[in-house]
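S.K.: compute the structure for the input listed below.
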Amino acid sequence: MTTIALQPTVLRWARERAGLDVLGLARKVGTKPERVERWEQTGELTFGQAEEVAHHTHTPIGHLFLSDPLEDRLPIPDFRTVSDRPLGRPSPDLLETIQSMQRRQNWMREHLIEEGHPPLSFVASQTLDRRPEAVAGDILDVLGLARDWARTRGSWTNALVDLRHRVDAAGILVIVNGVVGNNSHRRLDPEEFRGFALCDPYAPLIFINGADAKAAQMFTIAHELAHLWIGQDGVSNFTALQPGPEKAEQFCNKVAAEFLVPAEILRDCWLEAANQAEPYQYLAQQFKVSPLVAARRALDLSLISRDAFFAFYRAYQQDERRDRDARRSGGSFWNNQNVRVGERFGRAVVRAAKEGRLLYRDAFELTGMRGATFDKFAQSLGFDTP
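M.R.: Numbering: from 1, shown residues only. Sure, this is the predicted structure:
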């Protein structure tokens, strides 16, 4: 068979950026590790083999023909850190997810402007000079929530659904997805990122990693809302809920903490919580946050020591990893689609397609659904099928 000559460094880059070792890629393309090693030494392989490499490393085929590897950079500020150090190369899954959300935001912005919608006044309305408590209060006011709102909800799930609906009603696109698009084989890793915010006065967007626990998603939503209020794009993770050195990230964490667990209310109920066998679990149930958020808030308010917090944190990490496998699937496909696409965005796209203002081809691309699947999604939103 005719071979082509690619740059070995590019082939190695494609494999490594996908988080695969030689054996892992060999298994995916159905060949021996020795052959993969030879490709990366000589750059010689068939076009069909190059297509397989591109497919399994989630690399556009054209990138394999470059003379040098691309430098993968996130298109928005990267606030992800481990021990105050920036994380390494972003995964193809994260890159594709951000790019997909940017396409959705761009379309929604143009759609809203064409329909005459005014810009949203709360986007970039606050500065880092404001008190976090004041910003948290403003977010609560815009969403129509009381300071102790989560304590009146029956469960984490109920609180999360209510918060998501209120964020959507405020004009913010909120997307919750644990995979790349609809590809269940490409799960998003919560340890790489928890969420990100894309600011825009017409179509602000927050993305929440749905592979994370629901209680943990509460903090991520609050954190990304704070990013919108200060007008700062960014992708975040939260190691021990400790942000990196960036002032904006630290500020957003403080706003999120006050939004979810107001200091005054926590101090009032701390004595009762401290007398419980599992105080952080008790607080988590009260405020509908993860036990880690409760413990971190107690630390920040000097209610517990750093040693006590990190002892709990190490144990919590082990439990969280064990529980993560139990969250790998489940739920109605169509209910999942509503949160993966975003109900407000989905309605706008379906309506535009049915009114002939958007090609169905483009609607399929924006939602990640095609043909009968798109029609069923439209029906789930209350639209008549053709």
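S.K.: okay, CA-based contacts and neighbour counts for the rest of this
M.R.: Will do.
S.K.: the nearest residue to residue 122 once chain neighbours are set aside: what's it in contact with?
M.R.: Distances taken as C-alpha to C-alpha, 6 or more residues apart in numbering place residue 229 nearest to residue 122, at 6.0 Å, with adjacent residues excluded. Taking C-alpha atoms under 8 Å, 6 or more residues apart in numbering, we find residue 229 in contact with 122, 123, 124, 125, 126, 135, 139.
S.K.: am I right that the fifth one is in a helix?
M.R.: No: counting by DSSP: H, G, I helix; E, B strand; the rest coil, residue 126 falls outside a helix, being coil.
S.K.: which of the contacts of residue 229 has the most neighbours?
M.R.: Most neighbours among the contacts of residue 229, by other C-alpha atoms under 10 Å: residue 135, with 25 neighbours.
S.K.: any idea of the pLDDT on that residue?
M.R.: Listed pLDDT for residue 135 reads 97.
S.K.: what's the host helix or strand of it packed up against?
M.R.: Using DSSP states H and E, residue 135 sits within helix 132-143. On a contact count with 3 or more C-alpha pairs under 8 Å, 6 or more residues apart in numbering; DSSP states H and E, helix 132-143 meets helix 214-230, helix 247-260.
S.K.: what mean pLDDT does the longest one get?
M.R.: Spelled out, it's helix 214-230. Averaging pLDDT along helix 214-230 gives 91.
S.K.: poorly predicted segments of the stretch 101-250 of the chain, please.
M.R.: By pLDDT under 70, the low-scoring segments of the stretch 101-250 of the chain are 239-244.
S.K.: how about the strands in it?
M.R.: Using DSSP state E, counting those that start in this stretch, the strands of the stretch 101-250 of the chain run over residues 173-177, 179-180, 183-187, 195-198, 205-209, 234-236.
S.K.: quick one: contacts of the fifth one?
M.R.: Contacts made with strand 205-209 from outside it, assessed by C-alpha under 8 Å, 6+ apart, are listed as 101, 105, 172-178, 188-190, 193-199, 217, 220-221, 224-225.
S.K.: report the angle between the longest helix seen in the chain and strand 183-187.
M.R.: Looking across the chain with DSSP state H, the single longest helix is helix 92-114. Relative orientation of helix 92-114 and strand 183-187, computed by axes from the mean of the first three to the mean of the last three C-alpha atoms, to 10 degrees: 120 degrees.
S.K.: can you give the domain ranges for this protein?
M.R.: If you go by automatic domain parsing, the domain ranges for the chain are 3-65, 81-264, 333-380.
S.K.: most tightly surrounded among these?
M.R.: Ranked by mean neighbour count, these are led by domain 81-264 with a mean of 19 (mean count of other C-alpha atoms under 10 Å).
S.K.: now for the closest residue to residue 166 other than its chain neighbours: which residues touch it?
M.R.: Distances taken as C-alpha to C-alpha, 6+ apart put residue 143 closest to residue 166, at 5.7 Å, once the chain neighbours are dropped. Shown in contact with residue 143 (C-alpha under 8 Å, 6+ apart): 166, 167, 170.
S.K.: ok, and the closest non-adjacent residue to the second one?
M.R.: If I follow you right, that is residue 167. In space, not counting the residues next to it along the chain, residue 167 is nearest to residue 143; the distance is 6.5 Å by C-alpha to C-alpha, 6+ apart.
S.K.: tell me how far that neighbour lies from residue 216.
M.R.: Distance, residue 143 to residue 216, by C-alpha to C-alpha, to the nearest Å: 20 Å.
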